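# sequence plus the predicted model coming up.
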Amino acid sequence: MIDPKIRDRFPMLTSNQMMQGHPLIYLDNASTTFKPDCVIEAENFYNSLQTSNSHRGDYDLSYLVDQHVAESRALVASFINADTREVIFTSGATAALNTVAFGYGLSTLKPGDEILLTLAEHASNLLPWFKVAKMTGAVIRYIPLTKEGRVTVEAAKQAIGPKTKIVSIAQVTNVLGYEAPVKEIAALVHAQGGVICVDGAQSVPHIKVDVKDLDCDFLAFSGHKLCAPTGTGILYGKYHILEKMEPFALGGGMNVKFYPSGEMELLPPPTRFEAGTINVGGIYGLAKAIEFIQGVGMDNIAEHDRMLKARAVEGLKNCDKITMYNATSEAGIVDFNVNGVFAQDAGTWLNSKGIACRSGSHCAKILHEHIHTIATVRASFYFYNTVEEIDTFVDTLVKGGDFLDAYF
Amino acid sequence: MPTFELTPAMMREIIMDHYSSPRHKCDPEQEGYVSLHSASVNCIDDINVYLKLDDKGIVEDARWNGVACAISTASSDILCDLLIGKNEKDALYLNEQFHKMLHEEPYDSSVLEEAMAFMNTSKQAARIHCATIGWDAMEQLLKEHRHDR
């Protein structure tokens, strides 16, 4: 159970925001999430009272910052059951996935090797691989999805072979919200000598993720989808892989020494992968956000997501005005269209009722052919959403109206 | 230009009419068109616009095609209607007045005709770019292919 008082911790909720004359109902949590007071305060604390660079100074203030960053790293590590030195701070899941593609993929892939993805991946788990495939001569293949859009162990078993060097898939997909059997797929790819990279952007904020249990080689996720500031993210990598991995970005803070000849010695992981000044204030916020959601309880969050999803599906499933694409998926995401109305126009109409949803292709531009539509509207929930909000959302859709009402 | 009050009902009708049966939504079958591609980061809109200019720089034909929401479909289609027969100067003037209307600045309504149906777009600020995607592309195309260049 989520205590409804949790909403009091979010200025975006307590400030009684209005949108188009209606109380704001924010259902775009798969895109980004609201920040609780403690996260905002933590970032403010760094900016107002503890500003100094990490790894740079010999003075007390800089030492305090280094300590805080180290504690934050340890907290992230315990959150996903990793070792501290396996946790790399990035600017988000996108940077993390690019680090894997250009750090690990580029230096290990040979012509003819296979990179295995799915059609339901987000652009950030496709485009880096497309580029790396082009640069190395590796081949992109896809694990076929079921008709509804799910990855199954059976399909993965068929697709994974001796040429499979990298499998990179979302644990929970960002449009349909199906959960992939990552643990089983990891075992299959390991048996063939390959590695698995997991896009955890939609899973880590919502369910308990344990990298040891999954036995994944990499895990990427963003902070801003779990109540942390934007510009924060994590790349987890198994240490023995990180040790041999090339950095994607080079610069200050990640080298031991370098010479005019071009020779360089790099720091060990994770700092090797953190060139330049890291987002220190963001990291203060990220640590607080993780503490905060752990306080709410990952099991409680998952249960609340499921409850809201079930309620929305129940309310919409018999509505002949609505086509739903993912009634059976695990995540708190409802992907739908208002029949006869272009997704973007339906999104604007919901805006006119104060409801914030995402419409379009949601950065998963190759998925929509699979579900036979160009674009969809996506409503995505988090633990601070209420049953009343879901009911208003459902009632609004069921009642319907002319989408041009938004303008008149 | 006769002056009459456009009612919301009339504006809805104009938008729905051009959305459900656009007149100029097709790729050119013949040579002689210049074109520009335009896609939006905010909406799924992904369109091409086409212009055929005669040797005096007058718009002989204007077309567009692509994936577009109701607002961008209707606005691009109405734009094509209005462009045909205009010289570059009048076409650019029309474009400027449309942008002013959408951004709630003083504008000359006498040239906008059916495009007046979009006078309320600013109520849905996130959609202004949909209403202007075809217009912006056409403006760039007109400027790139100015007769006096």
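Received it, and whenever you're ready, just let me know what you need.

# helices along the stretch 101-250 of chain A, start to end?
A:106-108, A:127-136, A:153-159, A:182-191, A:211-214, A:239-244 (DSSP state H, counting those that start in this stretch).

# my bad, chain B
Counting by DSSP state H, the segments of chain B that form helices are B:8-20, B:70-83, B:88-102, B:128-144.

# so which of those gets nearest A:Asp3?
When these are compared for distance to A:Asp3 using Cβ to Cβ, the nearest one is helix B:128-144, at 40.4 Å. Heads up, the C-betas are built off the backbone N, CA and C, glycines and all.

# and for that closest one, what's in contact with it?
With Cβ atoms under 8 Å, 6 or more residues apart in numbering or on different chains as the contact definition, helix B:128-144 has outside contacts at A:344, B:34-38, B:40, B:42-43, B:45, B:47, B:49, B:51, B:62, B:64, B:68-69, B:71-72, B:75-76, B:79-80, B:83, B:88, B:91-92, B:95, B:98-99, B:102-103, B:118, B:121-122.

# pretty sure B:Ser75 contacts B:Glu114?
No - contact criterion Cβ atoms under 8 Å: B:Ser75 and B:Glu114 do not qualify, at 9.8 Å.

# who has more neighbours, these two?
B:Ser75 (29 against 20; other Cβ atoms under 10 Å in any protein chain shown).

# skipping adjacent residues, who's closest to the more buried one in space?
Spatially, and ignoring its direct neighbours in sequence, B:Ser75 is nearest to B:Ala131 (4.6 Å; Cβ to Cβ, 6 or more residues apart in numbering or on different chains).

# how about A:Gln294?
A:Phe79 (6.8 Å).

# what about the one you found, how many neighbours?
For A:Phe79, the count of nearby residues is 21 (other Cβ under 10 Å).

# how about the helix or strand harbouring it: buried residues?
A:Phe79 belongs to helix A:60-80 when assigned by DSSP states H and E. Buried residues in helix A:60-80, defined by neighbour count with 16 or more other Cβ atoms under 10 Å in any protein chain shown: A:62, A:65-66, A:68-69, A:72-73, A:75-77, A:79-80.

# any low-confidence regions in chain B?
Counting by pLDDT under 70, chain B has low-confidence residues at B:1-4, B:147-149.

# confirm that A:Thr323 sits in a helix.
No - counting by DSSP: H, G, I helix; E, B strand; the rest coil, one finds A:Thr323 to be strand, located in no helix.

# so the nearest residue in space to it that is not next to it in sequence: helix, strand or coil?
Of all residues not flanking A:Thr323 in the chain, A:Asn337 sits nearest, at 4.9 Å (Cβ to Cβ, 6+ apart). Under three-state DSSP, A:Asn337 falls in the strand class.

# before we move on, the earlier item: wait, the residue nearest to A:Gln294 touches A:Ile290, no?
Yes - assessed by Cβ under 8 Å, A:Phe79 is found in contact with A:Ile290 at 5.1 Å.

# list the contacts of the closest residue to B:Lys25 other than its chain neighbours.
Nearest residue to B:Lys25, sequence neighbours excluded (Cβ to Cβ, 6+ apart): B:Asn65, at 5.6 Å. Contact analysis of B:Asn65 by Cβ under 8 Å, 6+ apart lists B:25-27, B:47-48, B:50.

# and B:Asn65, how far from B:Tyr19?
Distance of B:Asn65 to B:Tyr19, given as Cβ to Cβ, to the nearest Å: 15 Å.

# before we move on, back to that, which of the contacts of helix B:128-144 count as buried?
Buried positions within these, assessed by neighbour count (16+ other Cβ under 10 Å), are A:344, B:35-36, B:38, B:40, B:43, B:45, B:47, B:49, B:51, B:62, B:64, B:68-69, B:71-72, B:75-76, B:79-80, B:83, B:88, B:91-92, B:95, B:98-99, B:102, B:118, B:121.

# so A:Val338 bridges to which residues?
Beta-bridge pairing for A:Val338 (DSSP bridges): A:Ile322.

# what's around it, how many residues?
Residues near A:Val338, counting by other Cβ under 10 Å, number 21.

# ok, back up a step: ok, which of the helices of the stretch 101-250 of chain A comes nearest chain B?
Among these, helix A:127-136 comes nearest to chain B, with 14.7 Å by Cβ to the nearest Cβ.

# what about that closest one and chain B, touching?
No - with Cβ under 8 Å from any Cβ of the partner chain as the criterion, chain B is not reached by helix A:127-136; the gap is at least 14.7 Å.

# show me which positions of that helix end up buried.
For helix A:127-136, burial by neighbour count (16+ other Cβ under 10 Å) applies to A:127-129, A:132-133, A:136.

# and what of stretch A:359-368?
Neighbour-count burial for stretch A:359-368 flags A:359-365, A:367-368 (criterion: 16+ other Cβ under 10 Å).

# A:Ser31: what's it in contact with?
Taking Cβ under 8 Å, 6+ apart, one finds A:225, A:358, A:380 in contact with A:Ser31.

# how much space between the second one and A:Met307?
In this structure, A:Arg358 lies at 21 Å from A:Met307, with Cβ to Cβ as the measure.

# so for these two, which sits in the more crowded spot?
Higher neighbour count among A:Arg358 and A:Met307: A:Arg358, with 23 against 16, using other Cβ under 10 Å.

# on that earlier part again, as TSV, the buried residues of helix A:127-136 with pLDDT would be great.
TSV is the format used below for those (pLDDT from 0 to 100):
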residue	pLDDT
A:Leu127	97
A:Pro128	98
A:Trp129	98
A:Val132	98
A:Ala133	98
A:Thr136	98
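
# residues near residue 26, how many?
Defaulting to chain A. Around A:Tyr26 there are 24 other residues, counting by other Cβ under 10 Å.

# that was the other one, I meant chain B.
B:Cys26: 11 neighbours (other Cβ under 10 Å).

# who's in contact with it?
Residues in contact with B:Cys26 (Cβ under 8 Å, 6+ apart) are B:63, B:65.

# what about A:Thr376, neighbour count?
28.

# surely A:His68 is in contact with A:Leu49?
No - the pair A:His68 and A:Leu49 fails to qualify as a contact (Cβ under 8 Å) at a distance of 11.5 Å.

# with respect to chain B, which of the contacts of A:Ser31 is nearest?
A:Arg358 (10.9 Å).

# and the closest one, bridged to which residues?
For A:Arg358, the beta-bridge assignment (DSSP bridges) gives partners A:Arg378.

# got a list of what A:Ala356 touches?
Going by Cβ under 8 Å, 6+ apart, A:Ala356 touches A:19, A:24-28, A:350.

# and the residue of the stretch 201-350 of chain A that's closest to chain B?
For the stretch 201-350 of chain A, Cβ to the nearest Cβ, closest residue to chain B: A:Gln344, 4.0 Å.

# leaving out the residues flanking it, which one is nearest to that residue?
Distance criterion Cβ to Cβ, 6+ apart; nearest residue to A:Gln344, sequence neighbours excluded, is B:Cys69 at 4.0 Å.

# ok, so what distance separates that neighbour from B:Arg127?
According to Cβ to Cβ, B:Cys69 and B:Arg127 sit 8 Å apart.

# please enumerate the shared neighbours of the two.
Here B:Cys69 and B:Arg127 have A:344, B:43 as joint contacts, going by Cβ under 8 Å, 6+ apart.

# what residues does chain A put near chain B?
Counting by Cβ under 8 Å from any Cβ, the residues of chain A near chain B are A:20, A:341-345, A:348, A:351-352, A:360-361, A:374-375, A:402-404, A:406-408.

# which residue does the stretch 1-150 of chain A have closest to chain B?
Closest to chain B within the stretch 1-150 of chain A is A:Gln20: 8.0 Å, counting by Cβ to the nearest Cβ.

# what sits against that residue?
A:351-354, B:123.

# ChimeraX command for the buried members of the residues of chain A next to chain B?
ChimeraX command restricting these to the buried ones, with burial defined by 16+ other Cβ under 10 Å:
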select /A:341,342,343,344,345,348,351,352,360,361,374,375,403,404,406,407
